[in-house]
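1. predicted structure and sequence below. I'll ask about it afterward.
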There are 2 protein chains.
Amino acid sequence: MAPTVPEKRKAQIRRQATALFQDRGFAATSMRELAAALGVEAASLYSHISSKQELLHDICFRLADEFFGALEIAEHTTNSPIDALRLLIHGHVRVLTTDPAASQVFLAEWRHLAEPALTAFIDRREAYEVRVRALLRRGADAGTLRLPANDERFAALWLLSGLNWLPTWYKPDGKLTADEIAERLTTTLLQGLGG
Amino acid sequence: MAPTVPEKRKAQIRRQATALFQDRGFAATSMRELAAALGVEAASLYSHISSKQELLHDICFRLADEFFGALEIAEHTTNSPIDALRLLIHGHVRVLTTDPAASQVFLAEWRHLAEPALTAFIDRREAYEVRVRALLRRGADAGTLRLPANDERFAALWLLSGLNWLPTWYKPDGKLTADEIAERLTTTLLQGLGG
DNA sequence: TTAATTTGCTAACGACTGTTAGGCAAGCGA
DNA sequence: TCGCTTGCCTAACAGTCGTTAGCAAATTAA
């Protein structure tokens, strides 16, 4: 009846699945490969999980929750749009660097979700972007942000694309901490590369 | 003996394959799906191509050539690093917008290349980034660019990530032309979002 | 010790994978 | 009309896919 012990093995499977989905892709990863990586036969996995889809679903929606958490902190801890933007970047970067593998699966493999999870995922992602746009809009209206062509949609894409590329090159053993990376990204984002 | 007629059909197959690889991914696209999209049986494809790998290879390396072409123009038409950067962005955006589907395959599906093409591809990509970094370095040394932490590696990632996210949202029927997008990106990149 | 739970196994299912072999019909230049 | 090429077909190959059934060993709880 203890839920912690069964969670252990399931967590191991999820971690290994995350790693494999990340570097081979969901579709190119077989349950037999996943099992082999855990030193087990493929059929044995089904004592712990119900399907391959469930693994992808768990990874994608857990990360979605974390990104939403970071967004909500940014929205609720300050009234200053620029401080909120800083908080958003720091939170976003912390999620990305805490589990880069899961982040990459979240960013790149979500399209392999089956319905109805796929639609739910897309809706959540859109809701996230809407709120980021609103945050940028507030900054532009207050005069503390200068959006290109006054277009918060464009600015939001620019912001998120700059952040979301991070897990493709981030190495956890690198010299920079998550906060240092976030600081650099914030500076670069706000000031640009112009001399 | 006329090489143009057989090329026609092969080009159709390549275009359809590009579209399918883009929205399902290489591994999740079967030759039977590709054939069905062309109104043909799977086996018939092999009169025109030699393998599924060949399709991926052609797409990835053609795009690599185009990106390198844009880079070379940027390197050779001006001595001003900042003008070269502008040219690079415009060229890069033009490639991305001219064939967004192929661009997304290039950016997202290259990892499914088989050896030795995979290693060759990675090497080319690295060579590309090295040259972009050199371009940014020159700008920083000349004082016309201000790189975050004076790190051209970081700046290059920032630049390319901002550009490479474009094909995920770009719609060819949108209001913005490729040059308008490139101008906005250039402005945003150089000036940032700071008010 | 007994009972229940967890974890894994072998074997197999039906479906699907990329690809090949071999043939047939239409359109072509000679 | 002949022969050749192009384009597509059916049939099949050997292998892999996710998943289920049924059973056994190990671990844990009472």
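-> Alright, I've got the coordinates.
2. so residue A:133 touches residue A:157, yeah?
-> No: with contacts counted by CB atoms under 8 Å, residue A:133 stays clear of residue A:157, the gap being 9.4 Å. C-betas here are computed from N, CA, C, even on glycine.
3. contact partners for the residue nearest the centre of chain A?
-> Geometric centre of chain A, nearest residue: residue A:103, 4.2 Å, by CA atoms, centre = their mean. By CB atoms under 8 Å, 6 or more residues apart in numbering or on different chains, the contact set of residue A:103 is A:63, A:95, A:96, A:167.
4. for the helix or strand harbouring it, what is the distance to the chain centroid?
-> Using DSSP states H and E, residue A:103 sits in helix A:100-108. Taking CA atoms, centre = their mean, to the nearest Å, one finds helix A:100-108 lying 6 Å from the centre of the chain it belongs to.
5. is DNA strand D within reach of that helix?
-> No: Helix A:100-108 does not reach DNA strand D (CB under 7 Å from any atom of the strand); its nearest approach is 14.7 Å.
6. before we move on, what about stretch A:47-54?
-> Yes: contact between stretch A:47-54 and DNA strand D, assessed by CB under 7 Å from any atom of the strand, occurs at A:50, A:51, A:52, A:53.
7. most neighbours, which of these?
-> residue A:52 (19 neighbours; other CB atoms under 10 Å in any protein chain shown).
8. and the closest residue to it other than its chain neighbours, backbone torsions?
-> Take residue A:52 and drop its neighbours on the chain: the residue closest to it by CB to CB, 6 or more residues apart in numbering or on different chains is residue A:31, 5.9 Å away. Torsion angles at residue A:31 (phi, psi; degrees, to the nearest 10) stand at phi -60, psi -30.
9. residue A:63 contacts residue A:102, doesn't it?
-> Yes: counting by CB under 8 Å, residue A:63 does reach residue A:102; the two are 5.5 Å apart.
10. for those two, indicate the residue with more neighbours.
-> residue A:102 (25 against 21).
11. residues in contact with residue A:135?
-> Here residue A:135 is in contact with A:74, A:75, A:81, A:84, A:85, A:88 (criterion: CB under 8 Å, 6+ apart).
12. check the fourth one and give its pLDDT.
-> If I follow you right, that is residue A:84. Per-residue pLDDT puts residue A:84 at 94.
13. gap between the strand or helix carrying it and the chain center?
-> Element membership for residue A:84, per DSSP H and E: helix A:81-98. Centroid separation for helix A:81-98 versus its chain: 12 Å, with CA atoms, centre = their mean.
14. residues in contact with that helix?
-> A:63, A:66-67, A:69-71, A:73-75, A:77-78, A:103, A:132, A:135-136, A:138-139, A:142, A:144-145, A:159, A:163-164, A:166-167, A:170, A:172, A:178-179, A:181-182, A:185-186, A:189-190, B:195.
15. ok, stretch A:13-28 next?
-> A:29, A:33-34, A:37-38, A:45, A:48-49, A:52, A:55-56, A:58-59, A:99, A:101-102, A:104-105, A:108-109, A:112, B:25, B:27-28, B:111-112.
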